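Participant: structure for this input, please:
(one chain, ligands or ions: 1)
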Amino acid sequence: MKPVARLLQRWLPRLWRSPQPLPAALWRDTLRQHPFLSKLTAAEQTRLQQLCGHFLLEKEFHGAHGLRVTDAMALSIAAQACLPLLHIAGPTDRRPRNPMDALDWYDDFVGIVVQPGAAVAMRETTDAAGVVHRYREVLAGEAMDRGPVMLSWEDVAQAGLAASSGSNVVIHEFVHKMDMRGMQAGDSPDGAPAISQGLWGTARSTQARQHWRRTMSEAYSQFREALTLAERFGGERPWLDSYAAKDPAEFFAVTCEAYFVNRERFTVECPTLLSLYDGFFRAHRP
Ligand SMILES: [Zn+2]
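Facilitator: Okay, here's the model as predicted:
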């Protein structure tokens, strides 16, 4: 789509936009390369395709360090980023609802920066004694509140293979975005995205939020305990990446990766989270 036509489309309310159809061969390749996408039903794939069309219209890709982001790369990222939105309603209980409201979960940013490989970020923390520690952190991706998402293409390209271990960098960063949505500036995500309706049989959103916090907190404690047993006493290592033990936000992001790309194993490993996430991500949408 020409830049002017694209700008005009973006200016329209989403309901009136008409994204360009995705090239059929490119879409087929994208599905084939990601086992968790090829397993979707025909109706789900059609819905994902529609979400991707709007996503590609709304977002801007930037290749870092001379990387050229091809259509295939952008579509691969779009399809994985839109997977968590497949069945969910928008983040706010808006009426009338629009079938594409789910994309509002990602409405606080436009840019997606694609690095050729992992990026190195300088970090700084201050300990209890007031001593400042500076260190380098290697990142496969990063989501910034009200800012862009950064992804390492080297890691994104491994998505098909990584699914067996329940890993997916795109889903990780985009569920961080869902977690951050509606957050006060300066706050940190806490593994509890906005819930605007009664879910899991509760009548009100406040009860649904309580249910979320209780279930997540129990699952997080159990995971940390299992990890400690494995690391200190030689117990069996949990299936999920140990990074999930960092804090509740990372626990949410890491468990969502597994939920979306390897549901079979996730069902066995995290049964309480399976019904929690089914209730949240599969909540009624228009
Ligand atoms: Zn993270």
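Participant: okay, now the unreliable bits of the stretch 51-200 of the chain?
Facilitator: Applying pLDDT under 70 to the stretch 51-200 of the chain picks out residues 96.
Participant: could you redo the last one with a cut-off of 90?
Facilitator: Along the stretch 51-200 of the chain, segments meeting pLDDT under 90 span 89, 92-99, 119-138, 182-186, 196-198.
Participant: mind jotting down where the strands sit in the chain?
Facilitator: Assigned by DSSP state E, the chain shows strands spanning 60-63, 111-115, 119-126, 132-139, 141-143, 149-152.
Participant: closest one to residue 249 among the ones you listed?
Facilitator: Counting by CB to CB, residue 249 lies closest to strand 141-143 out of the strands of the chain; the figure is 10.1 Å. For the C-beta atoms, the positions are set from N, CA and C on the backbone; glycine is no exception.
Participant: so does the closest one get close to the ion?
Facilitator: No - using CB under 5 Å from the ion, strand 141-143 never reaches the ion; the gap is at least 7.3 Å.
Participant: near the ion, which residues of the stretch 101-250 of the chain? Just list them.
Facilitator: residue 250.
Participant: and the residue of the stretch 101-250 of the chain nearest the ion?
Facilitator: The nearest approach of the stretch 101-250 of the chain to the ion comes at residue 250, 4.9 Å away (CB to the ion).
Participant: so what's the residue count around that residue?
Facilitator: 18 (other CB atoms under 10 Å).
Participant: before we move on, what about residue 80?
Facilitator: Neighbour count for residue 80, taken as other CB under 10 Å: 27.
Participant: and if you look at residue 83?
Facilitator: Number of residues near residue 83 (other CB under 10 Å) recorded here: 25.
Participant: ok, it - contacts?
Facilitator: Contacts for residue 83 (CB atoms under 8 Å, 6 or more residues apart in numbering) come out as 36, 37, 48, 171, 260.
Participant: taking those, please make a PyMOL selection of just the buried ones.
Facilitator: Those of those that count as buried under 16 or more other CB atoms under 10 Å are selected in PyMOL with:
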select buried, resi 36+37+48+171+260
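Participant: hmm, back to that, tell me who's in contact with the residue of the stretch 101-250 of the chain closest to the ion.
Facilitator: Residues in contact with residue 250 (CB under 8 Å, 6+ apart) are 191, 243, 244.
Participant: so the second one touches residue 257, yeah?
Facilitator: No - look at residue 243 against residue 257 with CB atoms under 8 Å: they stay out of range, at 10.2 Å.
Participant: between those two, point out the one with more neighbours.
Facilitator: More crowded of residue 243 and residue 257, by other CB under 10 Å: residue 257, with 26 against 13.
Participant: how about the more buried one, nearest residue that isn't a chain neighbour?
Facilitator: Nearest residue to residue 257 in three dimensions, chain neighbours excluded: residue 168, at 4.4 Å (CB to CB, 6 or more residues apart in numbering).
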